[in-house]
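>>> Please find the sequence and the predicted model below.
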Amino acid sequence: MIRDLRVEYLRAPGAIGTRVPRFSWLPDHEQTAYRLRVARGDDELWDTGRVTGSNTVLIEYAGAPLESDADYTWTVWSWDAAGAASSASHAFSTALLEAGDYRADWVTPVQRPTAVEEWTLLDWITGNGPKTPIDERLRPVQLLRQEFSLREAPVRARLYATARGVYTAWANGTRAGDEHLSPGFDAYAHRTCVQSFDVTTAVTAGVNVLGLALADGWWAGRIGITGSSAQWGDATSAWWQLHVAFADGRTQVITSGAGVRSSTGPWRHADLFVGEHYDARAEPEGWRLPGYDDTEWKPVAATDADLSMLVPFTGAPVRRVDTLHAVSLDSRKDGVIVDFGQVIAGRVRLRLRDTAPGQTVTIEHTELLAPDGSWFQNITGINKEQTDVYVAAGGEWEEWEPEFTFHGFRYARITGAQLGLDDIVAVVLASDLEPTGAFTTSDARVNRLHENAVWSQRGNFLSIPTDCPQRERAGWTGDIQVFAPAATNNAQVAPFLARWLANLRADQTPAGGIPIFSPRSPYDVRSAAQATGIGAVQFAAGWGDAIASVPWTLWQRYGDRRVLEENIDAICGWVAYQSTDAYLDGHHFGDWLAPSTLEQGPHHEAIGVAPALTGRLCAEMFRVRTLDVASRIAAVLGRDASAAEFAQAAASARHAFADAHIDPEGRLDVSLQGMYVLALAFDLVPEQLRQRTADHLVGLVHERGDRLDTGFLSVPYLLDVLWDTGHADLARRLLWQSEMPSWLYQVDHGATTIWEAWDAVVDGRAPRAVSLNHYAFGCVDDVLFRRIAGIRSAEPGYATVEIAPDLDCGLAHVDAHVDTVRGRVAVSWKKGEHGATVTVTLPPGVRGSLRVDGSVRPLSAGTSRYDVAPDIQREKAVGS
Ligand code: RAM
């Protein structure tokens, strides 16, 4: 049997955006040979013939050129050792692959320009927000309408569409696809993704209508730390081509352009930050259907502005991935407070009974309440209202969910309606990535820690990888730089991160600078150039390095060579930038939010301490690290000269670092845990000093009462460094520590996601406006998989594995798996009176080794069980 056929990682690939798709499958047997065949109808385009080998992952197409906007099938045969073959087939289609395929005009509705608000970091800190009311600053969502005629019903209809803004499209009233917030967030000036929707069953013979609602979204709405608006432009526009094919082979393309008409409708405004205001009374009845009289609507401006930034969307779109029922409802004077039991990114859907026309229902959102259960907002700042308003049309019942916004919340406060628990659900929005991991143990708190990382991943993998889904919602490079390894265990993230990397490359400066977040708007670039202090940081150590470390992670975890090819030039550019004075002497965030650096003075001043103290060191250390990674990437790609050049540069930078910053006793010149961790993790300490340096680190940890003092950049390596330098016990103590700062402190204090700061909640209160949904410190989730369950990819894409569970970690049992590109790798271990048992399951074709009990044993595909004798066990208690 062959299962799980995938094109470009996806089971349901839709319209792919490449001429060279990669095919993967999972055989139930040990494969000895395969054959692949790709066809378009009866035309065969590629037949590999029988190829000897076990590879089943990401096999590149090498047949006759694929055409745009076409449907294909592929068949795979796989032979087992006995010579028996099985086969399976699967379909995919192509998007518009050629620049010349994009022909339609952009259409721009007549609209009031949105208020251009350019706030600075200082405005944000001092709360110097906008004074004019929301409805004067925000503007209505535009409705667009295009009628067209078809002589007969088509056999195939594909709608390609995108927007400067966010949009939803309908064909004759039927929603195109099930995705939300399309086209998603991109570095729009350089690349704007085009969606593809199969609308075959929605269009028909005679008059048809294409309807589109167009909101400000990331293009013109409020985003970023300051909540400034119109960062790419102050007018929204849309673009589409509907490609139809008839039974006799004729085709027709309906394009956006003159002839499209627009009007405002029920959405008074819709903004990602501020929220949505929907007046159901203003919905023009039947506007999405033929026969609606749009003579009062205005013609749009059609421009053939540059189309060169249009590219097919790749990967999985944003969808409603879950719904959560309200777990409690508390009626108070100021409204009903609803608890969904979980911090999420998404929005609230309401069912309203017996509404009066004009009845106004308001929904506010927050991640935390005050200790007495009263309303409190943990995120404040310019345009961070997160408030939705529904004005009822009036009737027996109405159901409403916002369309063009999302919020970060656990609680909602609702006014203006009588509601029961069953009338309220929270809709979870995220990029619809397939879950791939599981991790459960005998300790409920550890399980919750893992779940918190998964929820923060879900809440922040929304179109792009963000820092947090409620405050700036920016594609911070440092955050994903540290979290990417953990992300690969929990979900199939390869196309999602590859698409974001394309944006990051587009945002790279000619001098090689990789920005601190991407997409980066023209406004961001301008404002950083004018700012001072932290606001002036543009290219930071440990942030820009994402351009190398994220592809490297994808290579290690998925065996994805293409992502290395796509990024190698950008990596070389960044490496070159890292040897300039602008980089080395520039502003950096350093080991951001390291606890002891935040202990003095007001917070907005304290956050400058880590940058000042550790910025330079981090700059030098990450330079070496990225030279190492670049060298390894170049070697994988067969660029031997570059590999040698980078290795050479790394070696001399390493020596220079040791000479300048490490004394003969193995001490660093900045006495912070994080600096020791990075120096050891990046192999910057001369071999003869390594153990002493590690001992100093241990001393620093003891000084803090066996608690961590690591910031964003060093925390991913802290436990590994301790484990690898003979301090496993201390690593475990930190992992299970429950005094703040620690991971289990968060769990013990009610966290349902990973917090931005270790002390985000103290005594039930948020001492500062920090995010409760920030995955960066959740990078420890990868340690749980690698060190506690012991699942490690030994060769790229888990081609071979090393299973090294920590039976001494103090837990009674652990069950974990990762659905790798080669199938499920599962580990389950359990301690008992008579020793321990370890059960490992490897998919066909995968082998490896098991390290337990001080010995290494070979592992083969299938399920193997090992009994470990009791005498090697040392009991350790978990927790405080
Ligand atoms: C914060 C972000 C992010 C971090 C930067 C430096 O505002 O939330 O997590 O990368 O600052």
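All right, it came through fine. Numbers count the residues shown, from 1 in each chain.
>>> Can you show me the helices along the stretch 751-880 of the chain?
780-783 (DSSP state H, counting those that start in this stretch).
>>> Run through the strands of it in chain order.
Listed in chain order, the strands of the stretch 751-880 of the chain (DSSP state E, counting those that start in this stretch) span 791-793, 800-803, 813-820, 823-832, 835-842, 847-852, 855-859, 862-868.
>>> Check the ones you listed for me and report the most buried one.
strand 791-793 (a mean of 24; mean count of other Cβ atoms under 10 Å). The C-beta positions use only the backbone N, C-alpha and C, and glycine is treated the same way.
>>> what packs against that one?
Under the contact criterion of 3 or more Cβ pairs under 8 Å, 6 or more residues apart in numbering; DSSP states H and E, strand 791-793 touches strand 800-803, strand 813-820.
>>> Show the average pLDDT along it.
Mean pLDDT, strand 791-793: 98.
>>> what's the nearest residue to residue 856 if we skip its chain neighbours?
Excluding the flanking residues, the one nearest residue 856 by Cβ to Cβ, 6 or more residues apart in numbering is residue 849, at 5.1 Å.
>>> Can you tell me what sits against the least confident helix or strand in the chain by mean pLDDT?
Least confident helix or strand of the chain, by mean pLDDT, DSSP states H and E, is helix 121-126 with a mean of 85. Applying Cβ atoms under 8 Å, 6 or more residues apart in numbering, the contact partners of helix 121-126 are 128, 129, 225, 226, 227, 381, 382, 531, 534, 535, 604.
>>> The same query, at a cut-off of 10 Å, please.
If you take Cβ atoms under 10 Å, 6 or more residues apart in numbering as the criterion, helix 121-126 is touched by 117, 120, 128-130, 224-228, 380-384, 471-472, 527-528, 531-536, 602-604, 769.
>>> Moving C-terminal from that helix, which element do we reach first?
helix 134-137 (DSSP states H and E).
>>> send the alpha carbons of whichever strand or helix holds residue 700 over as CSV?
Residue 700 is part of helix 687-703, with elements assigned from DSSP H and E. Below are the C-alpha coordinates for helix 687-703, written out as CSV (Å, rounded to 0.1, in the frame of the first residue of the first chain):
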residue,chain,number,x,y,z
GLU,A,687,38.6,23.4,23.9
GLN,A,688,41.0,23.6,26.9
LEU,A,689,38.7,26.2,28.6
ARG,A,690,35.4,24.7,27.7
GLN,A,691,34.8,22.8,30.9
ARG,A,692,35.8,25.8,33.0
THR,A,693,33.5,28.1,31.1
ALA,A,694,30.7,25.6,31.6
ASP,A,695,31.4,25.6,35.3
HIS,A,696,31.2,29.4,35.4
LEU,A,697,27.8,29.1,33.7
VAL,A,698,26.7,26.7,36.4
GLY,A,699,27.9,29.1,39.0
LEU,A,700,25.8,31.9,37.4
VAL,A,701,22.8,29.6,37.4
HIS,A,702,23.3,28.8,41.1
GLU,A,703,23.7,32.5,41.9
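>>> Now do the buried residues in that helix.
Of the residues in helix 687-703, those buried by neighbour count under the rule 16 or more other Cβ atoms under 10 Å are 689, 690, 693, 694, 695, 696, 697, 698, 700, 701.
>>> how about the fifth one, what does it touch?
Translated: residue 695. 665, 666, 676, 725, 726, 727.
>>> Give the buried subset of the residues you listed as a PyMOL selection command.
Applying 16+ other Cβ under 10 Å to these, the buried members can be selected in PyMOL as follows:
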select buried, resi 666+676+725+727
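>>> with the contacts of residue 695 in mind, which one is nearest to residue 275?
Residue 275 lies nearest to residue 676 out of the contacts of residue 695, by Cβ to Cβ, at 45.2 Å.
>>> hang on, the earlier thing: among the contacts of helix 121-126, which are in strands?
Members of those lying in strands (criterion: DSSP state E): none.
>>> Give me the PyMOL select line for those residues, limited to the buried ones.
Listed next is the PyMOL selection for buried residues among those, using 16+ other Cβ under 10 Å:
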select buried, resi 117+120+129+130+224+225+226+227+228+381+382+383+384+471+472+527+528+531+534+535+769
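>>> Identify the residue nearest the residue of the stretch 601-750 of the chain found nearest the ligand in space, chain neighbours excluded?
Closest residue of the stretch 601-750 of the chain to the ligand, Cβ to the nearest ligand atom: residue 712 (6.4 Å). Leaving aside its sequence neighbours, residue 712 sits nearest to residue 592 (Cβ to Cβ, 6+ apart; 4.1 Å).
>>> Check that neighbour and give its pLDDT.
pLDDT, residue 592: 98.
>>> For the ligand, see how far away residue 340 is.
The gap separating residue 340 from the ligand is 23 Å, by Cβ to the nearest ligand atom, to the nearest Å.
>>> Could you tell me how many residues sit around that residue?
Counted with other Cβ atoms under 10 Å, residues neighbouring residue 340 total 23.
>>> Next: residue 102.
The burial count for residue 102: 18, using other Cβ under 10 Å.
>>> quick revisit: the helices and strands packed on strand 791-793: which one's closest to the ligand?
strand 813-820 (26.2 Å).
>>> pretty sure the residue of the stretch 601-750 of the chain closest to the ligand contacts residue 591?
Yes - using Cβ atoms under 10 Å, residue 712 is in contact with residue 591, at 6.7 Å.
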